[in-house]
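Asker: Show me how the following folds:
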Amino acid sequence: MMNMRKNLMTLGIIVILVNMLAGCIFIEKESLRLGSRNNTESIILSHVIGQLIADKTDIKVIYKENLGGSSVVWNAMTNGHIDIIPDYTGTIVLTYYHEEPGTAEETLESTKRLVADDGIVAFNTFGFNNTYTLALDEKIAEENDIVTFSDFSKFSQDFTLGAVFEFIDRPDGLPGFQKEYDLSFKDVKGMDHGMMYRSINAGEVDVINSYTTDGQLQVYDLRVLEDDKSYFPPYHALPLVRKEILEEYPEIEEILKSLEGTINEETMQVMNGKVDNDGMMVERVAEEFLIEAGLIDKK
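Answerer: You can find the predicted model right below:
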């Protein structure tokens, strides 16, 4: 009986030790959670940030990809579920804080001021503006002399629009856009971003709400129209970090500052195209960019 009791005590101690050891193995004290939206560009940018941090520090980077639309990712950030995200100045100012954006510089300064109240630090921009636009078949645009949104407004009632769900609902998206340019579409079809180009190529829609850095614009014969009334605000991409994370890992401040001005519209479009058109892994695309930009050494 005594031996059995000793054996049980020994077994109990072993179980406790195993659990403690497992806890030491699986709990990552030195880790950062990088979040991204459910689109190629956001995921690429999160890997650009994450790989640079991983290369320059011993901090473990955990990617939380495809979290959802902008509001979902923003809520995760402000609630402390993720630590770093790429986002866009116009989205932050207009959609999250419901303030009026201004010039690119004014919108950036407003971004920094607004997010600071929520314990978030906004860095300077990567260097590119990814704004909304419309794209339609080049032949149709040529035949009807459509160059600007105002030109398109004369024909919009004959066109079916393919648009991402978020654009249809956002205050800086379709509702205000239609009002500004007096647009009245024959129909509006909501869809995922990747479906838009396949849909217009298949003739299921006539015009799509694309983004100026979309990689698919390199392979589809589409004309990107000009926002001649400058309705859409600046959407310059930039890294955002929770203030407490910067205090815990001060070394990442200079790392993120080194990304300022390193990506222009063409570079971002090419990176998006490598993933969406060529099927490259986002990890590889981000690594190639960092090496070519001289930010990390070739492995």
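Asker: what are the ranges of the helices in the stretch 151-299 of the chain?
Answerer: For the stretch 151-299 of the chain, the helices defined by DSSP state H, counting those that start in this stretch cover 165-169, 174-181, 193-201, 243-248, 252-257, 265-276, 282-292.
Asker: okay if I get those as JSON lines plus mean neighbour count, mean pLDDT and distance to residue 51?
Answerer: Yep, even glycine has a C-beta here, placed from its N, CA and C like the rest. Output for the helices of the stretch 151-299 of the chain, formatted as JSON lines (neighbours: other C-beta atoms under 10 Å; pLDDT from 0 to 100; distance: least, C-beta to C-beta, whole Å):
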{"stretch": "helix 165-169", "mean neighbour count": "17", "mean pLDDT": "87", "distance to residue 51": "27"}
{"stretch": "helix 174-181", "mean neighbour count": "16", "mean pLDDT": "92", "distance to residue 51": "35"}
{"stretch": "helix 193-201", "mean neighbour count": "19", "mean pLDDT": "90", "distance to residue 51": "23"}
{"stretch": "helix 243-248", "mean neighbour count": "14", "mean pLDDT": "96", "distance to residue 51": "17"}
{"stretch": "helix 252-257", "mean neighbour count": "16", "mean pLDDT": "97", "distance to residue 51": "11"}
{"stretch": "helix 265-276", "mean neighbour count": "19", "mean pLDDT": "95", "distance to residue 51": "13"}
{"stretch": "helix 282-292", "mean neighbour count": "18", "mean pLDDT": "97", "distance to residue 51": "5"}
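Asker: could the ones you listed be laid out in JSON lines, adding distance to residue 89?
Answerer: What follows is the helices of the stretch 151-299 of the chain, written out as JSON lines (distance: least, C-beta to C-beta, whole Å):
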{"stretch": "helix 165-169", "distance to residue 89": "17"}
{"stretch": "helix 174-181", "distance to residue 89": "18"}
{"stretch": "helix 193-201", "distance to residue 89": "20"}
{"stretch": "helix 243-248", "distance to residue 89": "19"}
{"stretch": "helix 252-257", "distance to residue 89": "16"}
{"stretch": "helix 265-276", "distance to residue 89": "15"}
{"stretch": "helix 282-292", "distance to residue 89": "21"}
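Asker: ok, the closest residue to residue 173 other than its chain neighbours - contacts?
Answerer: Closest residue in space to residue 173, ignoring its immediate chain neighbours: residue 167 at 4.2 Å, by C-beta to C-beta, 6 or more residues apart in numbering. Shown in contact with residue 167 (C-beta atoms under 8 Å, 6 or more residues apart in numbering): 132, 173-174, 209.
Asker: and those as TSV, adding distance to residue 106?
Answerer: As requested, the contacts of residue 167 are exported to TSV (distance: C-beta to C-beta, whole Å):
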residue	distance to residue 106
132	19
173	21
174	25
209	25
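Asker: Out of the helices of the stretch 151-299 of the chain, which gets nearest to residue 50?
Answerer: helix 282-292 (7.9 Å; C-beta to C-beta).
Asker: List of residues touching that closest one?
Answerer: Taking C-beta under 8 Å, 6+ apart as the rule, helix 282-292 contacts 40, 43-44, 47-48, 50-52, 55, 263, 267, 271, 274-275, 296-299.
Asker: Check the burial of residue 116 by counting its neighbours.
Answerer: 12 (other C-beta atoms under 10 Å).
Asker: what separates it from residue 194, distance-wise?
Answerer: Distance of residue 116 to residue 194, computed by C-beta to C-beta, to the nearest Å: 35 Å.
Asker: Need the phi and psi values for the closest residue to residue 155 other than its chain neighbours.
Answerer: When the adjacent residues along the chain are set aside, residue 155 lies closest to residue 144, with 6.0 Å between them (C-beta to C-beta, 6+ apart). Per-residue torsions, residue 144: phi -110, psi 10 (degrees, to the nearest 10).
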